[in-house]
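*Asks:* pasting the sequence and the predicted model now:
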Amino acid sequence: MSMQLFTLGLSYLVPLLFAASGILIVGRLTFDRLRLRNAAAARGAFALIFLAGAAAAAPYVRRAATLVSAEHAFGRADWLTAADRYASYARLRGSSVGRAGARRALALMNLRRYADAEAAFLASFPRAERGTFRASPNEVLSLGLCRYYTGRLDAAERTVRAVSPGVSPIRDYVLGRILDRRGDANAAVAAFQTSLAAAPCFYPALYQLVRVLRREGRETEAHAALESFCPPGTRQNRAQLASLAPRPEGQGIPPEKEFYFVQED
């Protein structure tokens, strides 16, 4: 992360050094031209050019410092500071399109401010033809997560289905959650199974799969899902599996539980 910050800072510092050099060159040329005729006027012209150049560069310096500070906070997982600094960067006329806007959205997701995160994602997507956007699959999936967590199931489903299967186990997990909330248990089971097929150790999909199967009275299938969780020899979380172990009658269905994800590139 320190190397990324160094590179980012350098990318702003180099143009600033060129600009400062240009200001000094113009100031010196002006000074030399006026010095023989009026030394005081030469000094005044040099000072005026220097101050005007510094004033012109000040917003650029402030914007660069704010972005570097935001990146530093993001790298330290200080989500509140990162979200605030990225917002300040945008107010200073920094671009909301691209990395800075997407990272602000991710910081807001970590703060569970999903409506704000959705708006930040949409602002970060470059515009394409006919009012469409260009975004990576992970960014689209993150947008779908924001819509799901704010309870907009139809919009969330459309968004998540726009992501190709196999990009992330979260895609089919979210579809399973949406289908389950609509009462389509069979489709939800299939979606959770697809999520586990892509990531055999993805515990949230196992949890929801076992919960739905037991709720539907399909204990044999729930037991089979537990038995097949994680390939043989893979380190498993025994406490998590123990929480899904069969219990006395009436207590075997795991409680409704939401898992929260932040899908980063």
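*Replies:* Done, it's in. Since we're looking at a predicted model, the values are computed, not measured.
*Asks:* so how far is Asp78 from Ala107?
*Replies:* According to CB to CB, to the nearest Å, Ala107 and Asp78 sit 9 Å apart. In short, each C-beta sits where N, CA and C put it, glycine included.
*Asks:* more neighbours, those two?
*Replies:* With other CB atoms under 10 Å as the criterion, Ala107 and Asp78 differ in neighbour count, and Ala107 comes out ahead with 28 against 16.
*Asks:* could you measure from the more buried one over to Pro254?
*Replies:* On the measure of CB to CB, Ala107 and Pro254 end up 31 Å apart.
*Asks:* so Lys257 sits against Tyr207, correct?
*Replies:* Yes - with contact defined as CB atoms under 8 Å, Lys257 reaches Tyr207; the gap is 6.6 Å.
*Asks:* what sits against Phe74?
*Replies:* Going by CB atoms under 8 Å, 6 or more residues apart in numbering, Phe74 touches Ala82, Tyr86, Arg103, Leu106, Ala107.
*Asks:* recalculate using a threshold of 10 Å.
*Replies:* Applying CB atoms under 10 Å, 6 or more residues apart in numbering to Phe74 gives the contacts Met1, Thr81, Ala82, Ala83, Arg85, Tyr86, Ala100, Arg103, Arg104, Leu106, Ala107, Asn110.
*Asks:* and the helix or strand hosting the third one, which residues are buried?
*Replies:* Pointing back at Ala82 there. Element membership of Ala82 [criterion: DSSP states H and E] is helix 79-91. Neighbour-count burial for helix 79-91, counted by 16 or more other CB atoms under 10 Å, picks out Trp79, Thr81, Ala82, Ala83, Asp84, Arg85, Tyr86, Ala87, Ser88, Tyr89, Ala90.
*Asks:* let me know the distance separating the residue sitting furthest away from the middle of the chain from Thr159.
*Replies:* Residue farthest from the centre of the chain, counting by CA atoms, centre = their mean, is Arg37 at 60.6 Å. Per CB to CB, Arg37 is found 69 Å from Thr159.
*Asks:* what pLDDT, on average, does stretch 48-68 get?
*Replies:* Taken as a whole, stretch 48-68 has an average pLDDT of 76.
*Asks:* convert the C-alpha atoms of it to CSV, please.
*Replies:* C-alpha atoms of stretch 48-68 as CSV (Å, rounded to 0.1, in the frame of the first residue of the first chain):
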residue,chain,number,x,y,z
LEU,A,48,3.4,38.9,-8.9
ILE,A,49,4.1,36.0,-11.3
PHE,A,50,5.2,33.8,-8.5
LEU,A,51,2.1,34.6,-6.3
ALA,A,52,-0.3,34.1,-9.3
GLY,A,53,1.3,30.8,-10.1
ALA,A,54,1.1,29.7,-6.5
ALA,A,55,-2.5,30.7,-6.3
ALA,A,56,-3.3,28.8,-9.5
ALA,A,57,-1.5,25.7,-8.2
ALA,A,58,-3.0,25.7,-4.7
PRO,A,59,-6.3,24.0,-5.7
TYR,A,60,-4.3,21.3,-7.5
VAL,A,61,-2.1,20.7,-4.4
ARG,A,62,-5.1,20.6,-2.1
ARG,A,63,-6.9,18.2,-4.3
ALA,A,64,-3.8,15.9,-4.6
ALA,A,65,-3.2,15.9,-0.8
THR,A,66,-6.9,15.1,-0.2
LEU,A,67,-6.8,12.1,-2.6
VAL,A,68,-3.5,10.8,-1.1
